[in-house]
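J.: After the sequence you'll find the predicted model.
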Amino acid sequence: MSANPGLDPRRRRLLWGLAALVLLLMLVLAWMLRADNLVPAMLKYTGNALGLEITAGGVSEYRLRGTPQLVVRQLVARQPGASTPVLRVERLLVSLPWSTLRARGKQLTANRIELDAPVLDVAAYQQWKATRPAADTQLPTLVRGARITDGVIVGTKWRVEGVALELAQLSADKPVTAHLRARYAGDGLSVPMDLYLAMTRPAAGAGIGAVGQVVVQAAQWQLPSQVRLSAILKKGAGLQLEPALLGAHARHVSGTTSRPFALGLAGPLRMDGSGFAVQPMHLAVRGPGALPPLAAAGEFLLDDALQLLLEGNLAEWPAAWPALPAPIGQSDSPLPFLLAYRGATDFSDIATLQLRRDATRFDGRFRLSSVSDWANADAGGSPLPPITGSLTSPKLEISGALLEGVEIELRDDAVPAQAHTP
C-alpha cells in the first residue's frame, strides 16, 4: 500500500517519524517488561535506596493484570564490598496495589509479602544498619500480612533455624498478631519454640506479649515449659526488651524422672549478633521435693559460652535434703548463696557455689547435671551430693559429739579439686 498521495512530503515524513517513535517506545516497553530486564532494574533501584547490592540468580516473574505481583528467586542483598550477605532469600513474593506503583515509592503499601528460606546474618545486618541515616524509617503497610517459611537467623556462635512466621497484617497504627515457630541451636543446646505473639503497635515503646511452649533440650535432660512473656520494645542495637517479665510452668526431665517447678524472671533482655543477655536479672523459683525455693539477682549471658551468676537467699533448707547438724540446722538465719557458671550451654561444665549461715561457710564446685541427678534420685543413694568443696564452722554437733573449729573436705572424683570460689 502506498502512502496517501494527498499528503505533502513534510507531513508524510512527520507521520512516519511518529510511527517510528511509537514503535520504538513499544519495543522499549516490551524490553523493560521482560522479567529478566525489569527485575534487575527494580532491584538496582531498591538497592540504591537502601545502600545495598541486591541481585537475583534464579528465574523471576511478574504479573500486571489484577493485582501486580512480583516473584524473585535466589535473591542476595549485601553491603557493597562485603563478603557476607545481609540477607539471602530462595523465593520472594511481593504483591503490590496499583496505588503503590503510581506513588513511585512515596507510599509503602503492599498486599502481601512471602519469603521462602530466608537467611539473615545478624552481624552483617547490624553493620549495614549502622550506616543508615538516624532518622526513623517509614514502616510499610502489609494489608494481607506476611509469611516466612524455613528461615534461618545466623549469629556469631548461634543459629535460629526453621523459622516459620505468619503475620496477619502490619500497619504503623494498629496492633499486630503473629504465630512464630523456630528452634534455637547452640553448642549442645536446642530450644524449639511455638509462640503466639502480640504487639500494641510496631514501634519503639510498644507493648509485646508472647504465650506458648518452649523446650530447652540438652543431651541428658530437657525443660519443657509453658511460658508467658510481657515486655516493652526499646529502640537500640539489636532486639531490646525492657523490662521483660517471664513466667513459666516447667518440668525438669532427666531419664525417667520428671520434676515440675514454677519460674519467674525479670530484667532487660537483649539480643544481637553476639548472643542473648538478661542483665541485670531477678529470678524466683518454686517447686516441690528437693528443689529449694529461692529468690536471687544476677545475670544471664549466652554468647560463645553460657554465663550464669545468681546471688540470693534460700527461703528454707529443703526437707528432702540431708538434715543440717546443730546448731546451723536449728538456726532461723537466712541462707545467702552465690552461684556462678561459665561453660558449655548444656551446663555440663563446673559451677561454683558459696553458701553461708551465721558463721558457717561452704565453698564448693560441682556439675549441675550430677547434683540434679542426685537430688532427683530415689531414697537409698548417697546421703552426700557429688560436690568437691570445703565446709568450715566454729562448732558442729555430730552424733551427739560437739566439735569445735570444724573443717570438712568433700571430694567428688569427677570434679577437679582446685579451688575457685565465685
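T.: Cool, got the structure.
J.: Quick one: low-confidence residue ranges for the stretch 201-350 of the chain.
T.: For the stretch 201-350 of the chain, the stretches with pLDDT under 70 are 237, 290.
J.: now with 80?
T.: For the stretch 201-350 of the chain, the stretches flagged by pLDDT under 80 are 204, 235-238, 272-274, 289-292, 304, 315-323.
J.: And the strands in it?
T.: Along the stretch 201-350 of the chain, the stretches classed as strands by DSSP state E, counting those that start in this stretch are 207-217, 222-234, 239-254, 257-272, 275-286, 294-302, 306-314, 335-343, 350-357.
J.: need those in a markdown table with mean neighbour count, can you?
T.: No exception for glycine: its C-beta is placed from N, CA and C like everyone else's. Listed next are those as a markdown table, based on neighbours: other CB atoms under 10 Å:
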| stretch | mean neighbour count |
| --- | --- |
| strand 207-217 | 17 |
| strand 222-234 | 17 |
| strand 239-254 | 17 |
| strand 257-272 | 17 |
| strand 275-286 | 18 |
| strand 294-302 | 18 |
| strand 306-314 | 18 |
| strand 335-343 | 18 |
| strand 350-357 | 19 |
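J.: Switch those strands over to JSON lines; also include distance to Lys395.
T.: As requested, the strands of the stretch 201-350 of the chain are arranged in JSON lines below (distance: least, CB to CB, whole Å):
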{"stretch": "strand 207-217", "distance to Lys395": "43"}
{"stretch": "strand 222-234", "distance to Lys395": "41"}
{"stretch": "strand 239-254", "distance to Lys395": "36"}
{"stretch": "strand 257-272", "distance to Lys395": "35"}
{"stretch": "strand 275-286", "distance to Lys395": "32"}
{"stretch": "strand 294-302", "distance to Lys395": "27"}
{"stretch": "strand 306-314", "distance to Lys395": "22"}
{"stretch": "strand 335-343", "distance to Lys395": "18"}
{"stretch": "strand 350-357", "distance to Lys395": "13"}
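J.: what's across from the residue nearest to Ala250 when sequence neighbours are not counted in the sheet?
T.: Nearest residue to Ala250 in three dimensions, chain neighbours excluded: Ser225, at 3.8 Å (CB to CB, 6 or more residues apart in numbering). According to DSSP bridges, the residues that bridge with Ser225 are Val214, Ala250.
J.: Show me what stretch 276-294 is in contact with.
T.: Applying CB atoms under 8 Å, 6 or more residues apart in numbering, the contact partners of stretch 276-294 are 244, 259-271, 295-303, 310, 312-318, 320-321, 337, 375-376.
J.: And that stretch, end to end?
T.: 24 Å (CA to CA, to the nearest Å).
J.: Could you check how far that stretch is from the centre of its chain?
T.: Per CA atoms, centre = their mean, to the nearest Å, the displacement of stretch 276-294 from the mean C-alpha position of its chain is 21 Å.
J.: Can you give the domain ranges for this protein?
T.: By the record's domain assignment, the chain is partitioned as 47-154, 305-422 (automatic domain parsing).
J.: May I see these organised as JSON lines, with distance to Gln220 added?
T.: Shown next, in JSON lines, are the domains of the chain (distance: least, CB to CB, whole Å):
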{"stretch": "domain 47-154", "distance to Gln220": "27"}
{"stretch": "domain 305-422", "distance to Gln220": "6"}
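J.: Now stretch 413-422: average pLDDT?
T.: Average pLDDT, stretch 413-422: 61.
J.: for stretch 386-400, same thing?
T.: 85.
J.: Run through who's touching it.
T.: Taking contacts as CB under 8 Å, 6+ apart, the residues outside stretch 386-400 that touch it are 325-328, 353, 359-367, 370-371, 374, 402-412, 414-417, 419.
J.: Please point out which parts of that stretch sit buried.
T.: Pro386, Ile387, Thr388, Gly389, Leu391, Ser393, Leu396 (16 or more other CB atoms under 10 Å).
J.: Which members of the residues you listed occur in strands, if any?
T.: Among the buried residues of stretch 386-400, the members falling in strands (DSSP state E) are Ile387, Thr388, Gly389, Leu391, Ser393, Leu396.
J.: if I pick Gly57, what's in contact with it?
T.: Listed by CB under 8 Å, 6+ apart, the contact partners of Gly57 are Arg73, Gln74, Val76.
J.: how about those residues in TSV, adding secondary structure, pLDDT and distance to Thr200?
T.: Shown next, in TSV, are the contacts of Gly57 (DSSP: H, G, I helix; E, B strand; the rest coil; pLDDT from 0 to 100; distance: CB to CB, whole Å):
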residue	secondary structure	pLDDT	distance to Thr200
Arg73	strand	89	36
Gln74	strand	92	37
Val76	strand	92	35
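J.: Tell me the one of those residues nearest Leu115?
T.: Nearest to Leu115 out of the contacts of Gly57 is Arg73 (CB to CB; 11.5 Å).
J.: so which strand or helix has the residue nearest to that closest one when sequence neighbours are not counted?
T.: Of all residues beyond its chain neighbours, the one nearest Arg73 is Gly58 (2.9 Å), with distances taken as CB to CB, 6+ apart. Taking DSSP states H and E as the definition, one finds Gly58 inside no helix or strand.
J.: quick revisit: any idea how far the residue nearest to Ala250 lies from Ala323?
T.: Counting by CB to CB, to the nearest Å, the gap from Ser225 to Ala323 is 32 Å.
J.: among the ones in strands among the buried residues of stretch 386-400, which two are most distant?
T.: Within these, Thr388 and Leu396 form the most distant pair, 19.8 Å apart (CB to CB).
J.: Pairing-wise in the sheet, spell out the partners of the spatially most central residue of the chain.
T.: Geometric centre of the chain, nearest residue: Met271, 6.4 Å, by CA atoms, centre = their mean. Listed by DSSP bridges, the beta-bridge partners for Met271 are Leu239, Phe276.
J.: how far away is it from Asp173?
T.: Look at Met271 and Asp173: by CB to CB, they are 26 Å apart.
J.: Ala164 now?
T.: Relative to Asp173, and taking CB to CB, Ala164 is found at 27 Å.
J.: Which of these two has more residues huddled nearby?
T.: Neighbour totals were compared for Ala164 and Asp173, and Ala164 leads with 14 against 9 (other CB atoms under 10 Å).
J.: secondary structure element for the more buried one?
T.: Going by DSSP H and E, Ala164 is in strand 159-167.
J.: Asp150 touches Ala164, doesn't it?
T.: Yes - in this structure, Asp150 is within contact of Ala164 by CB atoms under 8 Å, at 7.2 Å.
J.: Roughly how far does the nearest residue in space to Thr388 that is not next to it in sequence sit from Ala344?
T.: Take Thr388 and drop its neighbours on the chain: the residue closest to it by CB to CB, 6+ apart is Val415, 4.1 Å away. According to CB to CB, Val415 and Ala344 sit 15 Å apart.
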